[in-house]
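J.: With the sequence up front, the predicted model follows.
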Amino acid sequence: MPDSFSLGSAALLAARAVSSAKIQSKISWLYRLDDLERRPLTSGLTNTKMPSPSSLQHSDFVDSTQVESTGQLSAHQRLKIEDLVQPNTAAEAENNAAQEIITGLQSRPKTLPPQYFYDDLGSELFEQICDLPEYYLTRTETAILTAHARSIAEVTGPCDIIELGSGSATKTRILLDAYASQSKLVYCPIDVSSGILKSSAESLLEAYPSLVVHGLVSTYEQALEQLPRSQNPHRMICFIGSTLGNLSPESCRSFLHHVRGALQPGDYFLLGIDLQKPISILEAAYNDAQGVTAAFNLNMLRHLNRRFEGNFELGHFEHYARYNSNAHRIEMHLKSLVDQTVTLKALNLTVDFTAGETIRSEISRKFSIDQIAQTLAGQDLKPLNSWTDPQNWFAVVLAEAC
Ligand SMILES: C[S@@+](CC[C@H](N)C(=O)[O-])C[C@H]1O[C@@H](n2cnc3c(N)ncnc32)[C@H](O)[C@@H]1O
C-alpha cells in the first residue's frame, strides 16, 4: 500500500502547481491549458434540498417550442423527468442486473458492475470524493472546462446539451454558462440514480431562469435510444468525469457505437478522460487518507444487501485499489478479510470467499490523447479539439459525428 500521507502531500503540491500555471493555446488539435484558476467545488448535495416527490411532478411541462420565451415559464413548467424503467421493463431490467451480478460473482476474479456504487448514499459519497485533496480529477476537469467552455460553444453553435451519468451536474453549470446566450437552453441529464438527478435538475432550474430540463432516469444505452427530440439545430452528448474509463475496451466500443447512433452528422460528443501519469499520483487518488473512497467502495455491498436481500458483512471486507500498469488502469477491489459465505436471497445466490480473495468493483482506465482520438475516429466520431492542463493529467475532447 502507498504511504497515503506523503502521496497526499505530493498530490496537494501538484494541485497547487496546476492552479499557478498559465494559459497557452496551440494551433494543433491539442490545446493546452496554462492558467488554471482553481475553483473550489461545493457538493451539490450538501447545498441542495432533496425535493419532495410532489415538487417534481411535471404534468405542467411545456414544450419550449410552443412559447416565445422560456423565461415566461415557472420552474415547474420547465421540468420533465421520465423514468425509463417502466413497470413492464422493470422486471427485465432487474433480471439483467441479477444476471450481471450472478455472472460477476461467479467469475474468477469476482467482479461487480460499478453502477451499484450509485444509490443515494453512493452518489453523496462520490460528491465528497470529488472534493478530496488527492482526487485531482474533478478540479482539473473543472479548470479545463472553465477555461474553454466558450471555445467549445463557439465551435458547436446552439445545441441541446445531453449529459450521460450527470450526477450532481456541478461541472455542467460551466457549460450552461457558456451556452446561456442561445435562444433555447435545453438540458437532458441521464442517470440511473434518480435522487441525484431530481435534486440537480431542481437546483439548475432555480439558477437558470430560461433553462428547460428533460431528464431521463435510465441507463446510458436505454436513454440513447429514446432521447427527446432536439430543440436546437444540433445536440451535444457529454460524457465527462472520466466515466468512460470505467468501461472495458470492448464495452467502450459498444458504448461509443450507441452514442454515435444517437447523433446526426454534424452533432457533437464532448468527453472528459483521465490521462496516464505517475503511479504514485494515481494510487493516492483512489486511496485517500480520509477513507471516503473506501466508504464509497464498501457502500456497494450495502446497496446489494438492500436491493437483493443480501447478508454481506461490511466489516469482513476491505477497500483495496492499485494501478495495473500493463492495462493502464486503476483497479478497485473489495478484499475478503476472512473465509466466508455470502447469500443474496433475492438472486438465489450463495458465494464463497476465501480470506484475501477480492471482488473487482471498478476499473478506471487512463488514456493517451492519441489513443482516444483513434477510438473515437473508429466510431465515426471525428476528433476536432482537445484541451488539457499543463501537466497533461486530464483532457476534454470534442468530436463531431460524421
Ligand atoms: C463518476 S460519476 C460522474 C458524475 C458527473 N458526470 C461528474 O463528472 O462528476 C458517474 C455517474 O454516472 C451514473 N451512472 C453510472 N453508471 C450508469 C449507467 N450505466 N447508466 C446511467 N448512469 C450511470 C452514476 O449514478 C453517477 O451519477
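T.: Yes, it's here.
J.: Can you check what pLDDT the model gives whatever residue of the stretch 201-350 of the chain ends up closest to the ligand?
T.: Closest residue of the stretch 201-350 of the chain to the ligand, CB to the nearest ligand atom: Gly241 (2.1 Å). Just so you know, the C-beta spots here come from the backbone N, C-alpha and C atoms, and that holds for glycine as well. Gly241 is assigned 97 on the pLDDT scale.
J.: from now on call the first residue 665
T.: With 665 as the first residue, the last one maps to Gly905.
J.: separation between it and Thr802?
T.: 7 Å (CB to CB, to the nearest Å).
J.: overlap in contacts of these two?
T.: Counting by CB atoms under 8 Å, 6 or more residues apart in numbering, the residues touching both Gly905 and Thr802 are Lys835.
J.: Excluding residues flanking it in the chain, which one is nearest Ala958?
T.: Excluding its sequence neighbours, the residue lying closest to Ala958 (CB to CB, 6 or more residues apart in numbering) is His983, at 3.5 Å.
J.: and if you look at Leu809?
T.: Per CB to CB, 6+ apart, closest to Leu809 is Ile838, 4.4 Å.
J.: Same check on Cys852?
T.: Ile826 (4.4 Å).
J.: in the sheet, who's paired with the one you found?
T.: With DSSP bridges as the criterion, Ile826 is bridged to Cys852, Ile901.
J.: wait, it sits on Phe903?
T.: No - counting by CB atoms under 8 Å, Phe903 is not a contact partner of Ile826; they are 9.5 Å apart.
J.: neighbour count winner among those two?
T.: Ranked by neighbour count (other CB atoms under 10 Å), Ile826 and Phe903 place Ile826 first, with 30 against 23.
J.: Run through the residues that contact the more buried one.
T.: Residues in contact with Ile826 (CB under 8 Å, 6+ apart) are Tyr851, Cys852, Ile854, Leu891, Arg899, Met900, Ile901, Cys902, Ala926.
J.: The ligand next: which of these are close?
T.: Among these, proximity to the ligand is found for Ile854 (CB under 6 Å from any ligand atom).
J.: from the contacts of Ile826, which two are the most distant?
T.: Among these, the pair separated by the greatest distance (CB to CB) is Tyr851 and Ala926, at 15.7 Å.
J.: still on that earlier bit, what is the burial count for the residue of the stretch 865-1014 of the chain closest to the ligand?
T.: What Gly905 shows, counting by other CB under 10 Å, is a neighbour count of 23.
J.: if I pick it, what's in contact with it?
T.: Gly905 touches Leu801, Thr802, Glu805, Gly829, Gly831, Lys835, Gly936, counting by CB under 8 Å, 6+ apart.
J.: got it, and Gln770?
T.: When contacts are counted by CB under 8 Å, 6+ apart, Gln770 touches Val1015.
J.: what about the strands in the stretch 765-914 of the chain?
T.: 774-775, 823-828, 849-855, 875-881, 898-903 (DSSP state E, counting those that start in this stretch).
J.: Pull up the residues of the stretch 665-814 of the chain that are close to the ligand.
T.: Contact residues, the stretch 665-814 of the chain versus the ligand (CB under 6 Å from any ligand atom): Gln779, Tyr782, Ser787, Phe790.
J.: ok, those vs Ser863, which is closest?
T.: Comparing those against Ser863 with CB to CB places Ser787 closest, at 9.2 Å.
J.: Report the contact partners of the closest one.
T.: Contacts of Ser787 were listed using CB under 8 Å, 6+ apart, and they are Leu709, Gly831, Ser832, Ser857, Gly859, Ile860.
J.: would a markdown table of those with pLDDT and neighbour count be doable?
T.: Formatted as a markdown table, those follow (pLDDT from 0 to 100; neighbours: other CB atoms under 10 Å):
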| residue | pLDDT | neighbour count |
| --- | --- | --- |
| Leu709 | 21 | 23 |
| Gly831 | 92 | 24 |
| Ser832 | 93 | 27 |
| Ser857 | 85 | 22 |
| Gly859 | 89 | 18 |
| Ile860 | 90 | 27 |
